[in-house]
Every structure is written in structure tokens, then in C-alpha cells.
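>>> My questions are about this predicted structure, shown below with the sequence.
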Amino acid sequence: MSFTFNELRHSCKDNWRVYLHHDFVRRLGDGTLAPEAFRHYLKQDYLFLIQFGRAFALAAYKSPTLADLRHAKAGLDAIIDLELGLHIDYCTQWNISEQELNELPEARATLAYTRYVLDTGNRGDLLDLHVALAPCLVGYAELARWLTEQPGTVRGESNPYEAWIAMYESAEFQAAARAEIAWLNERLADVPPSRFKQLCRIFDDATRLEIDFWDMGLEQRM
Ligand SMILES: Cc1ncc(CN)c(N)n1
């Protein structure tokens, strides 16, 4: 029996839909998201991305081959250079200083999600870790594509969140997500059904933690 990423995604299709089509995402798309909710999300996402950078570094550490090591490095580059670069620019535009970012406490949703992924990677193997990382990379790439297809999505300068959407629909980010899916498809082809079931649990856990992250942003919770 051979499994694919699509089957993994399908195994938690209801939570996957809630994650991708969350109110936070819809409001980013039509430009109606409260600026304070976005600021709260931005600040927490900065902290999130730092921890995810550590998780991709853990993937590099756990990589047995040069190909795996290169794949982990590409994920780390996507987080550190592409996403965190934009975040820091964004924070400047939204008057959030570097000092404020460095003094921020982590919200519970940030702590729960990032430490779940790091713990899964520490106690499991490289496949467990990449499955825990997948909703982050693959999910944002998919939700950017979904947003661009929605008739209610406002593009251009009249949407204050235009640059955010553009970053996730960019060729570089979409390519990083496709590379993650290809890597997962190769590994999933060899796993037995009992192992696939464990991986579905990890994927669903990470997807639910993404939903909590949107909720945290929308309700500006700590
Ligand atoms: C919470 C969260 N999840 C995913 C991404 C996209 N890497 C992000 N920036 N933040």
C-alpha cells in the first residue's frame, strides 16, 4: 500500500477546511480585518517563525542524507530569509519596534503550537517532524491560492493586507510548499497503514493548532 500527501490532507479534511477558510483569512482577503488583530497576529507570528526556524534546523540535524539536509535548509531559508524578512519590514510599517518584538511574551497558542512541533521532532523521526511542519508551509501556500480565487478578495492598494497575500502566493513560497509535498510523497509511499495512522494524528494536531493561532489573532488573546 502506498500513501500520498493528499491522503494525509484528506484524513483531516474538516479541520483543514476550518484552518484554510478561517474568518481571519477571509478578512485578510477582503481587507476588513481589524488592524489591532493583525498587529497582534504579526507580533506573535514573529515569535512563531523564530521557533519554526529552530524546528527546520532540527530537521537539518536529523537529516541522514545530503538530499534531506538540502531540503531542510531550503525550508529554513523560506522561513528566515523570505518570511521573517517580510515580517520585520511589516512590523516597521506597523510601528512595531525591534525592541518591542524582542521583549514580547509568547501567547499560549504560540507556545502550544511551536513546542508541539519541536517535541514531535525531538521524540520522533524526520518524517514525524516534516508532517508536523507541513500545515505551516503547505497550508499557507494553499490558502493564498484559495484567497486569490475568492470573488470577495480585494487586491491592490485598497487592501492593507495585499503584501501579506502576495508573499504567500509568490513563486518562491509556492515552490517551497511544492518541494515539501514532493518530499512527503516520496516518504509516504513506503509507510505501512499503522504508521500512516500515527502520521495522520500529527497532521491533524498541527492543523488544529493552526486554527487556534488564527483564533488567538482574531480575539487578540495572550
Ligand atoms: C502560524 C503560522 N503558520 C504558518 C505560517 C506560514 N509559514 C506562518 N507564518 N504562521
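Noted; the coordinates are in hand.

>>> pretty sure residue 35 contacts residue 217?
No - the criterion here is C-beta atoms under 8 Å, and residue 35 misses it with residue 217 at 11.8 Å. Placement of C-beta: from N, CA and C, glycine included.

>>> Can you pick out the residue with more neighbours from those two?
Between residue 35 and residue 217, counted using other C-beta atoms under 10 Å, residue 217 has the larger neighbour count: 26 against 10.

>>> if I pick the closest residue to residue 161 other than its chain neighbours, what's in contact with it?
Closest residue in space to residue 161, ignoring its immediate chain neighbours: residue 28 at 4.5 Å, by C-beta to C-beta, 6 or more residues apart in numbering. Residues in contact with residue 28, defined by C-beta atoms under 8 Å, 6 or more residues apart in numbering, are 38, 147, 161, 164, 165.

>>> What sits closest to the residue positioned nearest the centre of the chain if chain neighbours are left out?
The C-alpha lying nearest the average C-alpha coordinate of the chain belongs to residue 136 (C-alpha atoms, centre = their mean; 1.9 Å). Sequence neighbours aside, residue 52 is the residue nearest to residue 136 in space, at 6.3 Å (criterion: C-beta to C-beta, 6+ apart).

>>> Can you give me the buried ones in the helix or strand that neighbour falls within?
Assigned by DSSP states H and E, residue 52 belongs to helix 35-61. Under the neighbour-count criterion of 16 or more other C-beta atoms under 10 Å, helix 35-61 has 37-60 buried.

>>> hmm, who's touching stretch 10-17?
Stretch 10-17 has contacts (C-beta under 8 Å, 6+ apart) with 9, 135, 139, 200, 203, 204, 207, 208, 211.

>>> Could you do stretch 141-149 as well?
Around stretch 141-149, the neighbours that count as contacts under C-beta under 8 Å, 6+ apart are 19-21, 25, 28-29, 153, 155, 165, 168-169, 173-174, 176-178.
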